[in-house]
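With the input below, show me the fold.
(2 chains)
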Amino acid sequence: DAKTTQPNSMESNEEEPVHLPCNHSTISGTDYIHWYRQLPSQGPEYVIHGLTSNVNNRMASLAIAEDRKSSTLILHRATLRDAAVYYCILTWGSNYKLTFGKGTLLTVNP
Amino acid sequence: DSGVTQTPKHLITATGQRVTLRCSPRSGDLSVYWYQQSLDQGLQFLIQYYNGEERAKGNILERFSAQQFPDLHSELNLSSLELGDSALYFCASSVGPIMNTEAFFGQGTRLTVV
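Residues are numbered from 1 along each chain as shown, chains lettered A, B, ... in the order given. Presented below is the predicted three-dimensional model:
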C-alpha cells in the first residue's frame, strides 16, 4: 500500500483555520487521496477526496500539490466538534480497501 | 446518522464462545467492509464484500468469517473467542469499490471478551 505520513498531533483554536498536512511521496498517477476523521467513540466519517485538482465541500477543502506528493486538508473555521483523529489515505483502482494509519489527533481549544 | 446499522451495539461474552455481528449497509450500497479497532492496533481492515462476493481480505484470523447475503446485509462471525479479540468492530458500506467514492461507517459493535 502506498504510504502516507502525517503529524501525530496538532492544536488549533476555535474559529481559526486549520491546515492538516499529509505527505505521500510514493503516490502514483491513479491514486486518489481521501480524508476521513474519527470523533471519540464514533465510527470514521468521510471528509473529502480528490485526484489532482483542489476540492471543496461543505466540510473542508483539499489542496493537492502540483506534483501530488503532498496534500493539505483545510478546515476553514475550526469548531470544538472538529476535534478528532484525521486520516489521510490513498486508494487506487485494484485496491478495495481503506488502509488507516495512525492519523493526526487534532485538538481544538475554546 | 450514516445510514449504516450495526447490531448489537455492545456484546459481552466469555472466552471460547462464538458471536455474530450484523451490518446493514446504506440503501443502494453494494460494498460492505469490516474493520477491527483495538487500542494498540488502530483500525485494521478485515474483509470486504461486493454484491455478495468476497473482494478483499486483510488481517482476518481463521477463527473469523464473514458473508454478505442476497439482501446485502453482512455478518461477521467470530469464534473461539480470546481476550485479545476485545475491540470495536466497524462496518462500512459504499456504492462501489472504494477507489473514487466515499464509505459510510456504522457506529460499531463493542465486543468485550471476559
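
Give the buried residues for stretch A:81-95.
A:D82, A:A83, A:A84, A:V85, A:Y86, A:Y87, A:C88, A:I89, A:L90, A:T91, A:W92, A:N95 (16 or more other Cβ atoms under 10 Å in any protein chain shown). In short, each C-beta sits where N, CA and C put it, glycine included.

quick one: which two of those residues are the most distant?
Within the buried residues of stretch A:81-95, two members stand farthest from each other by Cβ to Cβ: A:A83 and A:W92, at 30.7 Å.

Residue of chain A nearest chain B, please.
A:G43 (3.3 Å; Cβ to the nearest Cβ).

so how far is A:H19 from that residue?
Applying Cβ to Cβ, to the nearest Å, the value for A:G43 to A:H19 is 25 Å.

quick one: which of those two has more around it?
Neighbour totals were compared for A:G43 and A:H19, and A:G43 leads with 23 against 12 (other Cβ atoms under 10 Å in any protein chain shown).

Tell me who's in contact with that one.
B:S2, B:V4, B:F90, B:A92, B:F105, B:G106, B:Q107, B:G108 (Cβ atoms under 8 Å, 6 or more residues apart in numbering or on different chains).

Which ones among these map onto strands?
Applying DSSP state E to the contacts of A:G43, the entries found in strands are B:F90, B:A92, B:F105.

possible to save these as a markdown table with pLDDT and distance to chain A?
Below are the ones in strands among the contacts of A:G43 laid out as a markdown table (pLDDT from 0 to 100; distance: Cβ to the nearest Cβ, whole Å):
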| residue | pLDDT | distance to chain A |
| --- | --- | --- |
| B:F90 | 97 | 5 |
| B:A92 | 96 | 7 |
| B:F105 | 96 | 3 |
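
I'd guessed A:T72 sits against A:H24; true?
No. Using Cβ atoms under 8 Å, A:T72 is not in contact with A:H24; the gap is 11.6 Å.

Which one of these two is surrounded by more residues?
A:H24 (22 against 17).

Need the per-residue pLDDT for that one.
pLDDT, A:H24: 93.

Would you enumerate the residues in contact with it?
Taking Cβ under 8 Å, 6+ apart, we find A:H24 in contact with A:A2, A:K3, A:T4, A:T5, A:D31, A:I33, A:R68, A:K69, A:S70, A:S71, A:C88, A:L90.

got the contact list for the fifth one?
Which is A:D31. Contacts of A:D31 by Cβ under 8 Å, 6+ apart are A:A2, A:H24, A:R68, A:L90, A:T91, A:W92.
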